[in-house]
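Trainee: Need a 3D model of the following:
(one chain, ligands or ions: 2)
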Amino acid sequence: MKLEATSAKNSFKYSWLLSRIFPYIKPYLFRIFIGFLIAIPLGLLDGVTAFALKPYMDYVVGGKTLEFTILNHDFTIESITMAFVLPFGVVLFALVQGVLKYLNEYITTWTSQKITNDVKIDLFHKLIYMHPQFFDENSSGIIISRYMNDPSTASSGIVEQIKTITTSLFGALGLIAVMLYSSWRLAFIGIVVLCIAFVPVALIRKRIKNASNKNMVIGGNITTNINETYGGNKIMTAYSLQQRQENNFKEQIFKSFDVNMSLTKRAAWMSPLMYTIASMGIAIVLGYGTYLINSGQMTAGSFASFVTSLLLLYKPVKTLGNTLTNIQNIFVAMGRVFELFDLSSEIKEAEEPIEMKELDRNIKFENINFEYIEGHSVLKNINLTINKNETLAIVGNSGGGKSTIVNLLPRFYDIKSGSIKFDDIDVRKFSLKSLRDNIAMVFQDNFLFSGTIKENIMMGNPKATEVDLQNAVEAAHLNELIDDLEQGLDTELGERGLTLSGGQRQRVAIARAMIKKSPIVILDEATSALDNKSEAIVQKALDNLMKNKTVFVIAHRLSTIKNADRIAVINEGELVELGSHEELMQIPDGQYKALYEMQFKKQEQPV
Ligand SMILES: Nc1ncnc2c1ncn2[C@@H]1O[C@H](COP(=O)(O)OP(=O)(O)OP(=O)(O)O)[C@@H](O)[C@H]1O
Ligand SMILES: [Mg+2]
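Mentor: Numbering: from 1, shown residues only. Ligands and ions are numbered 1, 2, ... in the order given. Predicted coordinates:
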């Protein structure tokens with residue numbers, strides 16, 4: 001399944017998406033509701049300052065006394081009292097608004113982070129169990145953005161939007177109420193003009209979306225580029241590929257520049273246009289307002305309240321306009337997230353999985369056909385039986401399918417036809433965990449995780465005892481290395497610590513495989529990258545690992561191959577010869593013989 005950087009097929013099925021995200025929101029509904037409740041007064045309070053201008057203008061500036069009746073009691077507030085009360089009132093409201101804002105922010109962030117975490121955790125869980133082919137097909141940049149960025153946009157976005165929409169909506173309503181209270185005629189004009197002013201925004205939404213899609217692809221490419229620069233650092237330096245990487249990087253950056261500039265060119269005049277339309281509205285309002293005041297239909301205070309409200313109204317309305325775009329982005333992100341949720345590993349667990357205990361008799365490959373990409377056959381009709389505790393060496397041309405054969409055993413990939421059987425039970429019937437628990441693998445390039453040497457070895461078998469650990473260290477010929485280290489087995493590896501040599505890494509990997517104590521061992525070119533001396537040490541470690549195990553070994557070392565019980569020659573995906581070294585050497589014009597003459601023979605002569 002190749003992921004797209006931008007689109008997912010279900011991004012426009014809104015109700016379906018909401019029903020998918022709902023289970024994640026559900027546990028926090030009460031808190032979200034509280035946030036919503038707080039957002040209402042928070043929005044409404046926007047109107048208060050504007051509203052306060054009216055009494056300020058009419059009574060304080062105008063020097064009038066305020067008289068009103070509540071429950072048959074007459075109240076009068078002198079102009080001078082008002083002059084003192086109003087400023088305090090403004091500060092008080094600001095305080096109330098500040099407290100509400102804080103509470104709202106706190107509860108919104110809390111819930112949105114929680115929901116995002118839940119989604120991320122579930123998504124990461126899916127990611128780590130995806131089949132290897134998924135990682136073969138998708139670049140790191142796409143994986144990172146789709147698994148890490150989208151969940152935040154999708155889930156925290158919803159809560160954030162609830163907050164923004166509520167405050168803006170009630171903010172706008174409050175201000176409109178003040179406007180209507182001040183003068184319904186002016187309010188009508190103001191609102192109509194405001195609506196017209198926002199038409200251009202609706203028009204550019206699509207362009208913004210296009211641009212943001214393009215930027216997403218570019219972002220993915222840049223992440224991939226940086227990851228490759230990191231992972232392929234040595235090759236980059238050795239082949240002076242810095243220029244190439246830099247050019248790739250520049251190309252993406254410039255592309256992003258073009259995308260953004262073309263958007264700006266075509267969209268940036270919308271905002272000034274809006275202002276122009278709005279200013280016309282304000283001009284009309286001013287003119288008409290002056291008329292209303294002069295003709296005594298409106299007080300100066302009401303007019304000041306009105307104009308302030310109108311100006312303040314711009315922000316919440318603009319925010320509401322943007323929310324439409326934001327919500328669309330959220331749905332797009334949600335579409336992408338739930339597309340990932342619906343992916344599942346193509347390596348399926350059996351319905352009623354059998355636990356694999358040990359290997360009792362043999363492993364059989366029966367009529368195996370395999371292809372990674374449809375139509376490109378990699379293994380053709382392989383038949384092969386390996387007995388318990390036998391060592392099978394696999395040799396053959398590069399790209400012939402040696403690694404592929406052994407990768408089928410732990411079901412990294414599933415065969416297309418035929419079957420692999422452990423003690424006559426199809427490999428697909430075992431539980432994946434028990435199958436993989438029974439197989440220890442050492443590769444040419446062994447990945448060590450950040451953590452200590454001990455942790456890396458114990459990954460082979462977390463339940464191993466201290467004695468097991470010591471035995472594995474010894475058998476993997478790691479003592480010398482570890483004795484030299486100040487912190488011994490507790491030395492940190494990886495990004496935070498020590499960098500091991502190729503041979504040292506391989507021996508740590510061998511110790512990891514050894515501590516696993518699994519009956520089946522797969523060695524894929526486990527010694528090919530080493531020099532003679534370290535190879536001899538690693539070889540000893542491997543000999544220990546291979547003792548009393550069923551072993552598949554892909555190797556270039558003649559001694560390993562010769563010591564194997566049998567040798568399988570795989571050429572272009574076909575098993576062409578099978579037998580012991582002596583037997584295969586007997587075949588006139590045999591392929592093994594040819595390989596031997598070409599590659600292995602010189603290893604026998606002392607250097
Ligand atoms: N993940 C993959 N996706 C698609 N094709 C692949 C993948 N891995 C290997 N192949 C292809 O399958 C064929 C067999 O590859 P394989 O790695 O099994 O060869 P090999 O015999 O181990 O070679 P080598 O000695 O060079 O390691 C090659 O043509 C290779 O291009
Ligand atoms: Mg290989």
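Trainee: ok but Met420 is inside a helix, no?
Mentor: Actually, residue 420 is Ile rather than Met. No. Read with DSSP: H, G, I helix; E, B strand; the rest coil, Ile420 is strand and lies in no helix.
Trainee: so what's the closest residue to it other than its chain neighbours up against?
Mentor: Leaving aside its sequence neighbours, Ile420 sits nearest to Val427 (CB to CB, 6 or more residues apart in numbering; 4.4 Å). From N, CA and C alone the C-beta is placed, and that goes for glycine too. By CB atoms under 8 Å, 6 or more residues apart in numbering, the residues touching Val427 are 408-409, 411, 419-421, 435.
Trainee: Any idea how many residues pack against the closest residue to ligand 1 within the stretch 151-300 of the chain?
Mentor: Here the stretch 151-300 of the chain gets closest to ligand 1 at one residue, Gly231, 16.6 Å apart by CB to the nearest ligand atom. Neighbours of Gly231 under the rule other CB atoms under 10 Å: 11.
Trainee: Also Leu542?
Mentor: By other CB under 10 Å, the burial measure for Leu542, its neighbour count, is 29.
Trainee: how much space is there between it and Ala511?
Mentor: Distance of Leu542 to Ala511, given as CB to CB, to the nearest Å: 11 Å.
Trainee: which residues in the stretch 201-350 of the chain form helices?
Mentor: 233-238, 242-267, 270-294, 300-341 (DSSP state H, counting those that start in this stretch).
Trainee: Of those helices, which stretch is the most buried?
Mentor: helix 300-341 (a mean of 20; mean count of other CB atoms under 10 Å).
Trainee: Packing partners of that one?
Mentor: helix 14-25, helix 46-55, helix 79-128, helix 150-151, helix 157-182, helix 184-197, helix 199-231, helix 270-294 (3 or more CB pairs under 8 Å, 6 or more residues apart in numbering; DSSP states H and E).
Trainee: Can you lay out these as a markdown table showing mean pLDDT?
Mentor: Output for the helices and strands packed on helix 300-341, formatted as a markdown table (pLDDT from 0 to 100):
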| stretch | mean pLDDT |
| --- | --- |
| helix 14-25 | 90 |
| helix 46-55 | 84 |
| helix 79-128 | 89 |
| helix 150-151 | 87 |
| helix 157-182 | 90 |
| helix 184-197 | 87 |
| helix 199-231 | 81 |
| helix 270-294 | 88 |
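Trainee: which two from the contacts of Val427 end up farthest apart in space?
Mentor: Using CB to CB, the two most remote members of the contacts of Val427 are Ser419 and Leu435, lying 13.9 Å apart.
Trainee: Comparing the two, which residue is more hemmed in?
Mentor: A side-by-side neighbour count of Ser419 and Leu435, using other CB under 10 Å, places Leu435 first with 21 against 15.
Trainee: who in the protein is up against ligand 1?
Mentor: 136, 372-373, 378, 396, 398-404 (CB under 6 Å from any ligand atom).
Trainee: let's see 8 Å
Mentor: Listed as neighbours of ligand 1 in the chain under the rule CB under 8 Å from any ligand atom: 132-133, 136, 372-373, 376, 378, 396-405, 407, 413, 444, 524-525, 554, 570, 573.
Trainee: Just the buried subset of those residues, written out for PyMOL, thanks.
Mentor: Here is the PyMOL command that picks out the buried ones among the residues of the chain next to ligand 1, judged by 16 or more other CB atoms under 10 Å:
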select buried, resi 133+378+396+400+401+402+403+404+405+407+413+444+524+525+554+570+573
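Trainee: Can you report how many residues neighbour Lys562?
Mentor: So Lys562, with other CB under 10 Å, has 16 neighbours.
Trainee: Now it: closest residue in space, sequence neighbours ignored.
Mentor: His581 (4.9 Å).
Trainee: ok, that neighbour - contacts?
Mentor: 561-562, 564, 567.
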